[in-house]
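In: 3D model of this:
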Amino acid sequence: MKLTEEKIREHIVKTEFSKLGEKTTVCLLTLDCWFEVVWTSSCIDKEEYNQEIWNKIAEENAINKCWELYWFVAHIK
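Out: Reported below is the predicted structural model:
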């Protein structure tokens, strides 16, 4: 089976975002195995903060972490 981003996204059952402080976003992905992946994103200047943009960046980074997890699971036999 070839692993794709679409396949990884199929395992995400819940995505949550929280804003911390004035310029940091936290993304929490809950996977169908109930494992949780957390990642953050932040900008330098709080005046440049746009939650929609930073949500997307945090989610992309959390999904990138999922690649590592799935690769690990696929190779431990």
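
In: can you give me the strands for the protein?
Out: Secondary structure of the chain (DSSP state E): strands located at 12-20, 24-31, 36-42.

In: could you dump the ones you listed into CSV with mean pLDDT and distance to Glu6 added?
Out: For the C-beta atoms, the positions are set from N, CA and C on the backbone; glycine is no exception. Putting those into CSV (pLDDT from 0 to 100; distance: least, C-beta to C-beta, whole Å) gives the following:
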stretch, mean pLDDT, distance to Glu6
strand 12-20, 97, 11
strand 24-31, 97, 15
strand 36-42, 95, 17
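
In: and the spatially most central residue of the chain, what pLDDT?
Out: The residue lying closest to the centre of the chain (C-alpha atoms, centre = their mean) is Ala62, at 2.1 Å. With respect to pLDDT, Ala62 has a value of 96.

In: ok, now how distant is the nearest residue to it once chain neighbours are set aside from Thr24?
Out: Among residues not flanking Ala62 along the chain, Trp39 sits closest, at 3.9 Å (C-beta to C-beta, 6 or more residues apart in numbering). Noted for Trp39: a distance of 11 Å to Thr24, by C-beta to C-beta, to the nearest Å.

In: quick one: which of those two has more around it?
Out: It is Trp39, of Trp39 and Thr24, that has more neighbours when counted by other C-beta atoms under 10 Å, with 19 against 16.

In: on that earlier part again, winner for burial among the strands of the chain?
Out: strand 24-31 (a mean of 19; mean count of other C-beta atoms under 10 Å).
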